[in-house]
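Undergrad: Fold the following, please.
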Amino acid sequence: MTDTTDRSTRRTATAPNSRRNPRAVNDRDRPGANQHDLGSFNEVAIIETIRQAGTISRTEIAERTGLTQQSVSRILRVLLERQLLAEGEQTRSERLGKPRTPVRLRAEAAHAVGILVDPDVVSVVLVDLDARELERRSIHLDSEVSPADLVELIAVNVEDVLATSKIDRGTFLGVGVAVPGPITADGDLLDLPLSQAWRNVPLHRLLDERLPYPVVVEKDGTAAAVGERWVGRTARAQDFVYLYFGTGMGSGLVLNGEAYRGVSSNAGEFGQLCAIRLGRVDGSGRPELVRECNPPVAIPEIARELGYAGTATTYREFCAEISAGDATVIAAVQQVADVIALGASALVDVLDLSTIVVGGPAFEPELQEIVVSTIERAVNTMPTAHRARTVAVERSVVTGEAGAIGAASTIFHASFAPMVRRTQPYDLR
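TA: The predicted structure follows:
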């Protein structure tokens, strides 16, 4: 079906609740400087402060941003008029004085679709500004799908979740797509190790041509980290690395409040790091693929090598055997966890982090205790400066489709997060 709508008009327009162009924001030394561009940087600095707090008063916003009360009141008035914010009931902090009226983001003020593209399944979610799932679709792929069919599958399901939800289309900001790496900064898929058919595919361009909405293509680990930052609010306001369990292990970095993507959008190639730590290189010295960095395949394989004699055939069934106490499966999980812990320790050595978050669609509940405890022990004993800090290893606050929710969050992040240090701004035009 041909889209005859003027695409240039639709792509430059944003939701009425946010008139901000992400590329129009200038860098600043810190959020909240009293500048003349109150319609951009200070506005999103206030939105970010409200997002992290959940509910907050005008006085507290001024204190946290460094803006004057007058600037805060003026910007809040605009945001309330756009219906991006809602006011709560007035409260008094003291017997005397003017009562405070807290504000919060309206969850229904903005929506985005997030898509996780995986060789085995494509997951689609429609979420509101609180990253609450309104619609979800999972499309299992029996064999390798051609790039054209993949694009059509995505487009059909985007329209389906939008039509089913009956949201106000004026609040819809765009489509975020999370994919396995490596990718290019323009959103092209490169040499995906687990999919021959999707190699060297200009996915962003194909989706941009097919869909009448802004599109962001992001690596799955980075997208999951963005989603963790968005959903985690103050709990994820500091630096952290996200270890992503998917079809293969990945990682996403949040540094100085911003997702760090690197010059080519490929920061966080976790499997390579593990291979180097293990000394697993080929004849030319290049890091090899480490099977432990693909838990859905590695755990069943290793368990069978160790003598597993049960009836499990799928990854999920093997994970269930952990609860049943099967020694071979537990040993297989421990072997995988030991390798992942080595890579995590290397990240801590390089980045001097205090928090590691573990999550993703393949991070099954039965794995979590073994994996988290193994990583926690390693990152607090192996790194050179381990006595200088304690590294917390925490489970993700995002439940369900972490990759897809993270992909949707990249749209919110591009629209509402202050771009103080963003190395490569998302383009939602």
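
Undergrad: give me the low-pLDDT residue ranges for this structure?
TA: 1-40, 90-99, 193-194, 418-429 (pLDDT under 70).

Undergrad: so where do the helices sit in it?
TA: For the chain, the helices defined by DSSP state H cover 7-12, 41-53, 58-65, 69-81, 147-165, 203-210, 220-232, 270-278, 295-305, 315-323, 327-351, 365-379, 402-416.

Undergrad: got a markdown table for the ones you listed, with mean neighbour count too?
TA: Using the backbone N, CA and C atoms, a C-beta is placed for each residue, glycine as well. Listed next are those as a markdown table, based on neighbours: other CB atoms under 10 Å:
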| stretch | mean neighbour count |
| --- | --- |
| helix 7-12 | 12 |
| helix 41-53 | 23 |
| helix 58-65 | 18 |
| helix 69-81 | 16 |
| helix 147-165 | 17 |
| helix 203-210 | 19 |
| helix 220-232 | 29 |
| helix 270-278 | 20 |
| helix 295-305 | 20 |
| helix 315-323 | 18 |
| helix 327-351 | 21 |
| helix 365-379 | 18 |
| helix 402-416 | 30 |
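
Undergrad: Redo these as a markdown table? Include distance to residue 392.
TA: Below are the helices of the chain laid out as a markdown table (distance: least, CB to CB, whole Å):
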| stretch | distance to residue 392 |
| --- | --- |
| helix 7-12 | 41 |
| helix 41-53 | 19 |
| helix 58-65 | 24 |
| helix 69-81 | 33 |
| helix 147-165 | 35 |
| helix 203-210 | 35 |
| helix 220-232 | 13 |
| helix 270-278 | 19 |
| helix 295-305 | 22 |
| helix 315-323 | 24 |
| helix 327-351 | 11 |
| helix 365-379 | 8 |
| helix 402-416 | 19 |
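
Undergrad: For residue 116, find the nearest of the ones you listed.
TA: Proximity to residue 116 (CB to CB) singles out helix 402-416 among those, at 3.6 Å.

Undergrad: Run the chain-centre distance for the closest one.
TA: On the basis of CA atoms, centre = their mean, to the nearest Å, helix 402-416 sits 6 Å off its chain's mean C-alpha point.

Undergrad: just checking, what packs against that helix?
TA: On a contact count with 3 or more CB pairs under 8 Å, 6 or more residues apart in numbering; DSSP states H and E, helix 402-416 meets helix 41-53, strand 111-117, strand 121-128, strand 172-179, strand 215-219, helix 220-232, strand 240-246.

Undergrad: For the first one, list the C-alpha coordinates in CSV.
TA: Listed in CSV are the C-alpha atoms of helix 41-53, where the atom choice follows Å, rounded to 0.1, in the frame of the first residue of the first chain:
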residue,chain,number,x,y,z
PHE,A,41,17.4,23.0,27.2
ASN,A,42,15.8,24.3,30.4
GLU,A,43,12.5,22.8,29.4
VAL,A,44,13.8,19.3,29.0
ALA,A,45,16.0,19.7,32.1
ILE,A,46,12.8,20.3,34.1
ILE,A,47,11.1,17.4,32.4
GLU,A,48,14.0,15.2,33.3
THR,A,49,13.9,16.3,36.9
ILE,A,50,10.2,15.6,37.1
ARG,A,51,10.7,12.2,35.4
GLN,A,52,13.3,11.1,37.9
ALA,A,53,11.3,12.3,40.9
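
Undergrad: Just give the number of residues close to residue 263.
TA: Counted with other CB atoms under 10 Å, the neighbours of residue 263 add up to 9.

Undergrad: Look up how far residue 204 lies from it.
TA: Look at residue 263 and residue 204: by CB to CB, to the nearest Å, they are 17 Å apart.

Undergrad: thinking again about what came up before, okay, the helices and strands packed on helix 402-416 in CSV with distance to residue 141 next?
TA: Formatted as CSV, these follow (distance: least, CB to CB, whole Å):
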stretch, distance to residue 141
helix 41-53, 35
strand 111-117, 10
strand 121-128, 6
strand 172-179, 14
strand 215-219, 18
helix 220-232, 16
strand 240-246, 14
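
Undergrad: can you pull the contacts of the spatially closest residue to residue 363 that is not a sequence neighbour?
TA: Leaving aside its sequence neighbours, residue 363 sits nearest to residue 245 (CB to CB, 6 or more residues apart in numbering; 3.9 Å). Residue 245 makes contact with 295, 358-363, 367 under the criterion CB atoms under 8 Å, 6 or more residues apart in numbering.
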